[in-house]
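K.L.:
Okay, predicted coordinates and the sequence, questions at the end:
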Amino acid sequence: MSEGRANAPGRVKEVSSLANPLVKDIKALALKKFRDQQNAFLAEGLKLVIDALDLGWTIRTLVFAKSALGNAAVEKVAARTVALGGDVLEVSEKILAAITRRDNPQMVIGVFTQRLLPLADVRPAGNDVWVALDRVRDPGNLGTVIRTADAVGAKGVILVGDTTDPFALETVRATMGSVFAVPFARASQEAFLAWRKGFRGMVVGTHLKGAVDYRKVPYGGQPVLLLMGNEQQGLPDALADACDALVRIPQVGRADSLNLAVATGVMLFEIRRGALALEPEPCA
């Protein structure tokens, strides 16, 4: 690594103190206030960082454990970061643990610039599938929905109202890298409802009062927007009224509801089957 330092457009630094200003700024990204101020967020793991770079995300800083020196894949990512003008920090595992708040941190962390899609730029067409989440509060749920949306080929996620931060470390972890592959937009309920008026396609929501079995709805031949409600309260009346169809997922056990991420996954795979008309894939 030392051979490339003199000519690198970015910077490579060895950092050994938790009091270092660069480390303090990165640690601060655990809090939404500082993520918003810096317009940045953290992603853990070599694979996630490689995926982000391959997808064209802007990396500001790469942090890696000194024990990873000599790892060809890590050094290649470090070289890519430097070539893109980002900084590279060689740190101890103690510093990595402090940044991630984990006892056994990944050996690579990336600091990336946040990216949000303006709601006005969301223009579903053809058989596009989008997901809208109303006031989702649990970062694990949000991350899992983003990951599932990626898995089914959905075009993106719209976050409605006061949602948990998609760039929180817990959310990013739960996406398993899909945060870099799935576009998402944020909007107030009022802005979303105004945008919905111009949406040409089907808006379907799950609701306890849904009269239609989710498997009986013809999803094909048009864009579909799946609207899912808050974990505790479900869809408010204003959003339920904006749906073309309110559906239910029949349940036969004692549980009277499903986890938000699970219910969203069930719906998305059914919508994919109908709207995208995909043939079942053979078992591996």
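P.N.:
Okay, I see it.

K.L.:
Please make it C-alpha for all contacts and neighbour counts, starting now.
P.N.:
Noted.

K.L.:
A helix includes residue 240, no?
P.N.:
Yes - judged by DSSP: H, G, I helix; E, B strand; the rest coil, residue 240 forms part of a helix.

K.L.:
So it sits against residue 205, correct?
P.N.:
Yes - applying C-alpha atoms under 8 Å, one finds residue 240 in contact with residue 205, separated by 6.9 Å.

K.L.:
For stretch 120-134, list every residue counted as buried.
P.N.:
122, 124, 127-134 (16 or more other C-alpha atoms under 10 Å).

K.L.:
Mind picking the two most distant members of those residues?
P.N.:
Within the buried residues of stretch 120-134, 127 and 134 form the most distant pair, 22.6 Å apart (C-alpha to C-alpha).

K.L.:
and after whichever strand or helix holds residue 157, which helix or strand comes next?
P.N.:
For residue 157, the host element (DSSP states H and E) is strand 156-160. Sequence order places helix 169-175 as the next helix or strand after strand 156-160, per DSSP H and E.

K.L.:
who does whichever helix or strand comes after that next one pair up with?
P.N.:
Under the assignment DSSP H and E, the closest C-terminal helix or strand after helix 169-175 is strand 184-187. Sheet pairing of strand 184-187 (DSSP bridges) gives strand 156-160 (parallel).

K.L.:
Now do residue 266 against residue 50, distance only.
P.N.:
In this view, residue 266 and residue 50 are 30 Å apart by C-alpha to C-alpha, to the nearest Å.

K.L.:
Need the contact partners of stretch 125-136.
P.N.:
With C-alpha atoms under 8 Å, 6 or more residues apart in numbering as the test, stretch 125-136 has contacts from 124, 142, 149, 153-164, 220-231, 235, 271-272, 275-276.

K.L.:
on that earlier part again, what average pLDDT does the strand holding residue 157 get?
P.N.:
Averaging pLDDT along strand 156-160 gives 98.
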